[in-house]
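**Q** The following comprises the amino acid sequence and a computationally predicted model.
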Amino acid sequence: AQSVTQPDIHITVSEGASLELRCNYSYGATPYLFWYVQSPGQGLQLLLKYFSGDTLVQGIKGFEAEFKRSQSSFNLRKPSVHWSDAAEYFCAVGEGSNFGNEKLTFGTGTRLTIIP
Amino acid sequence: KAGVTQTPRYLIKTRGQQVTLSCSPISGHRSVSWYQQTPGQGLQFLFEYFSETQRNKGNFPGRFSGRQFSNSRSEMNVSTLELGDSALYLCASSPKPSPGGYTFGSGTRLTVV
């Protein structure tokens, strides 16, 4: 079965600083990978996704992620964070290469705090 | 374009009762999935529906059930509520079954007392 590990439970960065959130996955086939963001009391918003092709994926709000098959990683990056980026971030792997089994397996999340 | 709508937003129920949560997908979306989010277990897949058929189910007891109507709206039901069922229940929709091409609603916060 697939699994997702987000080793950092909580990260604090200064506004304007760069950010990298780590994600490692375990999946037998070529993975579908996603990053979602959740603000308090809200649902999940898709930041970006990787299905195939270019391993550097651009997303919304200035985020990007790089798929590294050799490291089974899909780390999320942003060159300069804004106070509005404070939220919880979830990495997920999508299972569904066979029609009829589509679902997401999520990591435990990383809570991002921004300090002025 | 309206997003995924979940009702109600908040719900308080007593242990042993049953509850029904509703999800209206984005117009034109025919696949609806449900997820449970708790502090202890995180985000867990409940089930997925497409064209009124349950196509995939997560590892939850039979007290958790759902259905999808011909207009793609979906409901999930939890019977004999337990304290551990307190959670944020998230619904997600997509045009067709897809390994992750979902748009999520804001969720229903269920508290069991």
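**A** Nice, I can see it.
**Q** Next, count neighbours for the residue nearest to B:M76 when sequence neighbours are not counted.
**A** Leaving aside its chain neighbours, B:M76 sits nearest to B:G66 (4.1 Å; criterion: CB to CB, 6 or more residues apart in numbering or on different chains). (Glycine included, C-beta is placed from N, CA and C.) Using other CB atoms under 10 Å in any protein chain shown, B:G66 is surrounded by 22 other residues.
**Q** now A:L47
**A** 22.
**Q** which ones are touching it?
**A** Residues near A:L47 by CB atoms under 8 Å, 6 or more residues apart in numbering or on different chains: A:34-37, A:59-61, A:63, A:65, A:76, A:89.
**Q** So it: helix, strand or coil?
**A** Following DSSP: H, G, I helix; E, B strand; the rest coil, the label given to A:L47 is strand.
**Q** wait, doesn't A:P79 sit right on A:S18?
**A** Yes. If you go by CB atoms under 8 Å, A:P79 and A:S18 touch, sitting 5.4 Å apart.
**Q** hey, where'd the strands end up in the chain?
**A** Unless you meant another one, I'm taking chain A. A:3-5, A:10-14, A:19-21, A:24-26, A:32-38, A:44-50, A:56-58, A:64-68, A:73-78, A:87-95, A:103-106, A:110-115 (DSSP state E).
**Q** Correction: the question concerned chain B.
**A** Secondary structure of chain B (DSSP E): strands located at B:5-7, B:10-13, B:19-24, B:31-38, B:42-50, B:53-57, B:64-68, B:74-78, B:87-94, B:103-104, B:108-112.
**Q** Please convert the ones you listed to TSV, extending it with mean pLDDT.
**A** Below are the strands of chain B laid out as TSV (pLDDT from 0 to 100):
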stretch	mean pLDDT
strand B:5-7	97
strand B:10-13	97
strand B:19-24	98
strand B:31-38	96
strand B:42-50	94
strand B:53-57	90
strand B:64-68	97
strand B:74-78	98
strand B:87-94	95
strand B:103-104	92
strand B:108-112	98
